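>>> model this:
(2 chains)
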Amino acid sequence: MDANDDEQPLDPWMMTLARDIADDVEVPRELMWKRIQHRRAAHTMPKWWRNIAAIAAVLVGGIAIGRHGVPRTTTPSPTLMTELAAARSTAPARVAMEEHLVRTVALLTTVRDRDPELGPGPDVSSWARELLGTTRLLLDEPSLRDDRTKRLLQDLELVLMQILQSRGTAAPEAQRAPTETMRETNLLPRVRAVMTASARRDELTVHGDDE
Amino acid sequence: MSDSELLARLQTNDSIAEREFYARHVDRVYRLIYRMSGRTDLAQDWTQDTFVRAFERIGQFRGESALSSWLHAIAVSITLNGLRTLKRRDAYAAPLEDADLVGRWPVESDPDLKGRMRLAIDALPEGTRRVFMMHDVEGYTHEEIGAALGVAVGTSKSQLSRAREKLRTALAPFARTELA
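Coordinates of the predicted model:
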């Protein structure tokens, strides 16, 4: 093993700064979208009829949904409309996070229960990297920026990074880091609490629909 | 719209779904590439490449992983290929001595820690900065970095070691405050 494997990682506050440096970077969304559209149009021009067919299908589908999918009942109150709009806007992100947390619990449990004396155990790195990518996506999600959710995702991000960094080194400090952070941040119980809360909310929603 | 609904619509070349897919993921993809390349011009070019390739290949995606992970993999692949090309073109391994530039800013010039960290990282030599970002921020091993960037594992380790040392030096004036 190279001596550099035992090199002390940066302090956690420096690591956090390093991870966050891109947060303030302005993303030229519209400019890039126009360029993407332009490039794709240049490549697909001979197949223009496909696009027209797709647009037509969307329009026909949209009209059909509009005519048959929306019940013609009394107009909901403005308050109800607002609540429904809010629920719809956050629901996909919440569902994605809940699915993500289910998968996360499985990984965290595997890592927590790993016995260092029995060797490194199964390689969970690709699993951890995928979860890390999703965790960061969720951190970017505007509807998940309440303090509780943000802190949970940040702690999860740190543990996943530590799992990835514990590979390829035998340094005891790096090996212990994920489980120590999990314990110090009370991560598993917090993740389970969010899952339980969402299950209860779903239950209430179902009962509410029945009434 | 759930991921599965979005995927179904993307696979029919639904332009509304494509726009939705882009809106959901563009910030993350752009920032990932920016962190790895350190340049806004490259981040723009490679973000566009990522989405163009994703739209071209969406028909082959079978849903074995999350859409976001699939897109992330495309972005990383394009970025690493781009970095390898840059390396060939610009001679990747800048002399490590260049890193001595790091840490010369006076403390009072930028009280914002994040800004100071950005300056310190930007001042690292290209190769050193890429190794640091890939290892400490994106979670790659030295073996993976070596293979991706076409450098020896030992080079990757020494670049990381130098990067950390320089960043510690640059941020040292703030360490006491942070720890307190």
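
>>> Whichever residue of chain B sits closest to chain A is in what secondary structure piece?
Residue of chain B nearest chain A, by CB to the nearest CB: B:G139 (3.5 Å). Heads up, the C-betas are built off the backbone N, CA and C, glycines and all. Take DSSP states H and E as the rule and B:G139 turns out to sit in neither a helix nor a strand.

>>> what sits against it?
B:G139 is in contact with A:128-129, A:132, A:160-161, A:164-165, counting by CB atoms under 8 Å, 6 or more residues apart in numbering or on different chains.

>>> Between these, which sits nearest chain B?
Comparing the contacts of B:G139 against chain B with CB to the nearest CB places A:L164 closest, at 3.5 Å.

>>> my read: the closest one touches A:L132, true?
Yes: assessed by CB atoms under 8 Å, A:L164 is found in contact with A:L132 at 6.9 Å.

>>> now residue 34, what's its secondary structure?
Assuming you mean chain A. Following DSSP: H, G, I helix; E, B strand; the rest coil, the label given to A:K34 is helix.

>>> From B:A17, how far off is it?
Applying CB to CB, to the nearest Å, the value for A:K34 to B:A17 is 18 Å.

>>> residues contacting B:A148?
By CB under 8 Å, 6+ apart, the contact set of B:A148 is B:80, B:83-84, B:134, B:140.

>>> quick one: which of those residues has the most company?
The residue in the contacts of B:A148 with the most neighbours, by other CB atoms under 10 Å in any protein chain shown, is B:Y140 (27 neighbours).

>>> residues contacting A:R148?
Contact analysis of A:R148 by CB under 8 Å, 6+ apart lists nothing.

>>> Which helix or which strand is home to it?
Residue-wise, A:R148 maps onto helix A:147-165 under DSSP H and E.

>>> following that helix, which helix or strand comes up?
Using DSSP H and E, the helix or strand that follows helix A:147-165 in sequence is helix A:172-184.

>>> what angle sits between that following helix and helix A:147-165?
160 degrees (axes from the mean of the first three to the mean of the last three CA atoms, to 10 degrees).

>>> How about residues contacting helix A:172-184?
If you take CB under 8 Å, 6+ apart as the criterion, helix A:172-184 is touched by A:9, A:108, A:111-112, A:116, A:155, A:158-159, A:162-163, A:165-166, A:169, A:187-188.
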